[in-house]
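K.L.:
Show me how the following folds:
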Amino acid sequence: MTLTLNDFDYKLPQGLIAQFPAKKRTHSKLLVINRNKKTIEHKMFIDFIKYINRDDALVINNTYVIPARLKAIREKTGAKLEVFIERKIAPYTYRVLVKPSKRAKQGDCIIFPKNLIKAQVIEDISPEKVIKFKRVSGLDDLLEKEGAVPLPPYIKRLPVASDKLRYQTVYANKKGAVAAPTAGLHFDERYLQSIKHKGVKICELTLHVSYGTFKPVTQEDLEKNKLHREFFLLNKQTANTLNKIKKDEGKIVAVGTTSCRALESASDGDALREQARETDLLIFPPYKFRATNALLTNFHLPNSSLLMLVSAFVSNVGMSVEEGHKLLMEAYRQAVRRNYRFYSYGDAMLII
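P.N.:
Okay, here's the model as predicted:
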């Protein structure tokens, strides 16, 4: 069976899109898909630890979400602007979204008033723009003090103070993302310690999630779609640790599609290699996963590249593409019927 874009559509009541996180990080539901048994179970996130064993690896994405929404003005006219920093593409240089877009044209100078930092629009690739800062000293301070949390477009409210903490994993330490690796939001420090005490190795990598993660796929023929580029880093120590776990027949459990995408991008045959580069890897059925044995993820937007990756993963063990995709979409239907909370601040899914 060849899947098309239409196969990744589903109906979701707006009321199931989580607008706030659960009261505590670990207080989410957990839907479990067992690929060998072709079963769907409904658990709580605290049950996750039961599905990983001593000498397995839990791979987490340590990217840090920068407060990427900034207030600015156009130097010539004083017109008010909102600048959303998407990602760094070169020294001093960033790809951004500007609202209203027509107020910032190529050659214009943008001022961030409270810090008196200036940037020039050096390229207009509508709807995005490329800006280059006159200086970068003070830029981190500008972001931390004046920037707003870049909540996803389906969260229909303004950021509040608690979002600075909750739209960030507890292990985030590498600045560069403008969207959170949301599967990791379910872990708190105590739960991670419990996993470590069980003998599970917790391995870090970095993939800076870009705003492109929210863009829908548009081409009906999946092979014709192109994915946004994102920087990832897998260091030598992590690669060596994971290769040993694979050799000893332990499981590599990826926390989130971002970790999974980085692992698959860094996979060279049966081994993982040290990497520091951008990836535009688009994973859709059929795809043979080389590095990932289990996947913890959230529930994803219809017609998204993330939903395609998850569909490919479900059908990777003992099922055809058609069987795997049907099982995944049945899981989504059950999640809707049981009032699971969807998307970034929502509930979790584990595929084993």
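K.L.:
Looks like Leu222 contacts Met308 (just checking).
P.N.:
Yes: using Cβ atoms under 8 Å, Leu222 makes contact with Met308 at a distance of 6.8 Å. (C-beta placed from N, C-alpha, C; glycine too.)
K.L.:
neighbour-wise, which of these two wins?
P.N.:
Met308 (26 against 18; other Cβ atoms under 10 Å).
K.L.:
ok now do the more buried one, which residues does it touch?
P.N.:
Phe8, Val217, Leu222, Leu282, Ile283, Phe284, Pro285 (Cβ atoms under 8 Å, 6 or more residues apart in numbering).
K.L.:
got the domain boundaries for the chain?
P.N.:
5-65+163-351, 69-146 (automatic domain parsing).
K.L.:
Report the mean per-residue pLDDT for the shortest one.
P.N.:
Along domain 69-146, the predicted local confidence has a mean pLDDT of 89.
K.L.:
What ranges does the protein have for its helices?
P.N.:
Using DSSP state H, the helices of the chain run over 139-146, 163-166, 189-197, 236-247, 256-265, 305-314, 321-337.
K.L.:
And the longest one, what does it pack against?
P.N.:
Using 3 or more Cβ pairs under 8 Å, 6 or more residues apart in numbering; DSSP states H and E, the elements in contact with helix 321-337 are strand 29-34, strand 39-44, helix 305-314.
K.L.:
Name the residues that touch it?
P.N.:
1-3, 7, 10-13, 16, 31, 33, 35, 38, 40, 42, 285-286, 299, 310-312, 314-316, 319, 342, 347, 349.
K.L.:
Now for this protein, the helix or strand with the poorest mean pLDDT.
P.N.:
helix 139-146 (a mean of 83; mean pLDDT, DSSP states H and E).
K.L.:
Out of the helices and strands packed on helix 321-337, which is the most enclosed?
P.N.:
Highest mean neighbour count among the helices and strands packed on helix 321-337 (mean count of other Cβ atoms under 10 Å): helix 305-314, with a mean of 26.
K.L.:
Name the residue closest to the centre of this protein, please.
P.N.:
Pro181 (3.7 Å; Cα atoms, centre = their mean).
K.L.:
and that residue, what is it in contact with?
P.N.:
Per Cβ under 8 Å, 6+ apart, neighbours of Pro181: Asn61, Thr63, Thr169, Leu207, Val209, Val255, Gly256, Thr258, Ser259.
K.L.:
and if we set it to 10 Å?
P.N.:
60-63, 65, 168-169, 172, 206-209, 213, 255-259, 262, 297-298, 344 (Cβ atoms under 10 Å, 6 or more residues apart in numbering).
K.L.:
What are the phi and psi values at it?
P.N.:
phi -80, psi 90 (degrees, to the nearest 10).
K.L.:
If I look at it, what pLDDT would I see?
P.N.:
pLDDT at Pro181 comes out at 98.
K.L.:
ok, it to Val59 distance?
P.N.:
11 Å (Cβ to Cβ, to the nearest Å).
K.L.:
Mind listing the shared neighbours of those two?
P.N.:
Common contacts of Pro181 and Val59 (Cβ under 10 Å, 6+ apart): Val255, Gly256, Ser259, Ala262.
K.L.:
For these, which single residue is the most surrounded?
P.N.:
Most neighbours among those, by other Cβ under 10 Å: Ser259, with 33 neighbours.
K.L.:
low-confidence ranges in this protein?
P.N.:
Counting by pLDDT under 70, the chain contains low-confidence residues at 115, 136.
K.L.:
hmm, 90 instead?
P.N.:
Residues of the chain meeting the criterion pLDDT under 90: 1, 86-92, 102, 113-116, 125-127, 134-146, 211-217, 227-229, 269-270, 317-318.
K.L.:
Ends of stretch 209-223, what's the gap?
P.N.:
End-to-end distance of stretch 209-223 (Cα to Cα, to the nearest Å): 22 Å.
K.L.:
Now it: buried residues?
P.N.:
Val209, Ser210, Tyr211, Gly212, Thr213, Phe214, Val217, Leu222 (16 or more other Cβ atoms under 10 Å).
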